[in-house]
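Asker: A structural model of the following input is requested.
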Amino acid sequence: MEGGSSSSDTLDYLADERCKAEFDVNSMKLVWAGGEQNLELTERIGRLVANDPVFRKDDRVRLSRPELFQATLRKAAHAWKIIHDLSLTDVEAAKLRKLVDENAYTDLHWGMFIPAIKGQGTEEQQSKWLPLAYKQAIIGCYAQTELGHGSNVQGLETEAIFDPSTDGFIVHSPTLTATKWWPGGL
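Answerer: The predicted structure is shown next:
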């Protein structure tokens with residue numbers, strides 16, 4: 001790879017360093033991973049990420065903000081395609097997203113939106129919304145923070161009122177301090 005080392009070069013370099021360790025590297029890997037099953041999962045998904053040029057990380061520091069944004073969108077879409085094409089389990093998909101190591105628009109979708117539906121939704125809500133969320137036919141986010149209130153949920157000013165005539169919500173932020181600010185992962 002021009003201008004830098006490839007993932008395999010880095011892995012080879014680390015392998016040389018591991019040989020110099022004064023402790024059993026394989027035992028340490030098991031402890032660090034939390035057991036044999038987790039280690040196998042991490043190594044299997046790690047190979048998938050390391051061998052896919054779409055997920056390369058060596059150029060991140062040289063990208064402009066718009067280029068980084070575009071690269072992140074590509075990686076998130078590619079990760080979703082892999083998750084779908086390989087029928088990865090929730091655990092495998094979470095590991096893939098973690099190892100891609102790129103903050104993406106889908107982080108809150110997978111990390112908060114889907115778990116909120118699973119943990120707080122009725123069976124009817126789960127059967128309606130989870131299939132759509134898993135297919136990313138809908139993308140969820142979380143924007144608790146307001147400019148004047150930080151994470152003080154009790155002080156939030158924005159109101160969301162359900163409108164049965166449109167089957168949607170009317171969102172009203174009445175003041176400048178109610179402006180959504182720092183909506184993580186968006």
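Asker: check contacts around the residue nearest to Leu88 when sequence neighbours are not counted.
Answerer: Closest residue to Leu88 apart from its sequence neighbours, by C-beta to C-beta, 6 or more residues apart in numbering: Leu96 at 6.5 Å. From N, CA and C alone the C-beta is placed, and that goes for glycine too. Leu96 is in contact with Ile45, Leu48, Val49, Ala79, Ile82, Ile83, Leu88, counting by C-beta atoms under 8 Å, 6 or more residues apart in numbering.
Asker: for Tyr13, see how far away Gly46 is.
Answerer: 16 Å (C-beta to C-beta, to the nearest Å).
Asker: who has more neighbours, those two?
Answerer: Set side by side, Gly46 and Tyr13 show more neighbours around Gly46, with 15 against 11, by other C-beta atoms under 10 Å.
Asker: now the more buried one: which helix or strand?
Answerer: Gly46 is part of helix 36-50 when elements are defined by DSSP states H and E.
Asker: report the buried residues of that helix.
Answerer: The neighbour-count check on helix 36-50 (16 or more other C-beta atoms under 10 Å) flags Leu39, Leu41, Thr42, Ile45, Leu48, Val49, Ala50 as buried.
Asker: just stretch 125-133 next, same as before
Answerer: Buried, per 16+ other C-beta under 10 Å, within stretch 125-133: Trp129, Ala133.
Asker: could you count how many residues lie near the nearest residue to Ile45 once chain neighbours are set aside?
Answerer: Of all residues not flanking Ile45 in the chain, Lys95 sits nearest, at 4.5 Å (C-beta to C-beta, 6+ apart). If you count neighbours by other C-beta under 10 Å, Lys95 ends up with 20.
Asker: bridge partners for Gly150, pull those for me.
Answerer: Glu146 (DSSP bridges).
Asker: biggest helix in this protein by residues?
Answerer: helix 65-85 (DSSP state H).
Asker: what is that one packed up against?
Answerer: In terms of contacts (3 or more C-beta pairs under 8 Å, 6 or more residues apart in numbering; DSSP states H and E), helix 65-85 is packed against helix 90-100.
Asker: could you give the angle of the helix it packs on to helix 65-85?
Answerer: 160 degrees (axes from the mean of the first three to the mean of the last three C-alpha atoms, to 10 degrees).
Asker: mind listing what's buried in helix 90-100?
Answerer: Under 16+ other C-beta under 10 Å, the buried positions of helix 90-100 are Glu92, Ala93, Ala94, Lys95, Leu96, Arg97, Leu99, Val100.
Asker: the nearest residue to Leu176 once chain neighbours are set aside: how many residues sit nearby?
Answerer: Leaving aside its sequence neighbours, Leu176 sits nearest to Leu147 (C-beta to C-beta, 6+ apart; 6.9 Å). Other residues within reach of Leu147, judged by other C-beta under 10 Å, total 15.
Asker: alright, that wraps it up for me.
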